[in-house]
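Undergrad: The following comprises the amino acid sequence and a computationally predicted model.
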Amino acid sequence: MIRHVVLFEFRKDVSSEEIERVLASLREFPSRYPAMRRFHVGKNISRRDRTFSYAMTVEFESVEDLETYLGSEHHERFIDALFRPNIERRAIATVECEFQ
């Protein structure tokens, strides 16, 4: 199982409407990519670390499924048109999970 994690912070000048537009677009991803498992996106409520205000996590059965998603035209359009213009900073981790 592959877990893809994206932590992100919106730019300070981004409106609440634009934030919701980005989040709504993210929420549509599972319907476009059937290989996605356990998709979550939401606001960071941690009292310990507020470096990033939002997080997205998603699981895939294989690295190939993740790469298909990352290389898709829809994903690239979303990144170029909505994500990059509105995001101040981000951190991405992809983890090969071992479940017992």
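TA: In hand now; what should we look at?

Undergrad: helices or strands up against the longest helix along the chain?
TA: Counting by DSSP state H, the longest helix found in the chain is helix 16-32. In terms of contacts (3 or more CB pairs under 8 Å, 6 or more residues apart in numbering; DSSP states H and E), helix 16-32 is packed against strand 37-43, strand 54-60, helix 73-78, helix 84-86. Backbone N, C-alpha and C define where each C-beta goes, glycine included.

Undergrad: Take those and write them to JSON lines, including distance to S25, mean neighbour count and mean pLDDT.
TA: Listed next are the helices and strands packed on helix 16-32 as JSON lines, based on distance: least, CB to CB, whole Å; neighbours: other CB atoms under 10 Å; pLDDT from 0 to 100:
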{"stretch": "strand 37-43", "distance to S25": "10", "mean neighbour count": "14", "mean pLDDT": "95"}
{"stretch": "strand 54-60", "distance to S25": "11", "mean neighbour count": "19", "mean pLDDT": "97"}
{"stretch": "helix 73-78", "distance to S25": "6", "mean neighbour count": "13", "mean pLDDT": "95"}
{"stretch": "helix 84-86", "distance to S25": "11", "mean neighbour count": "13", "mean pLDDT": "97"}
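
Undergrad: before we move on, back to that, so what touches the longest helix of the chain?
TA: 10, 36, 39, 41, 54, 56, 58, 69, 74-75, 78, 82-83, 86 (CB atoms under 8 Å, 6 or more residues apart in numbering).

Undergrad: Okay, and the beta partners of the residue positioned nearest the centre of the chain?
TA: With distances taken as CA atoms, centre = their mean, M56 lies nearest the centre of the chain, 4.0 Å away. Taking DSSP bridges as the rule, M56 bridges to V6, V41.

Undergrad: wait, doesn't it sit right on V6?
TA: Yes - in this structure, M56 is within contact of V6 by CB atoms under 8 Å, at 4.5 Å.
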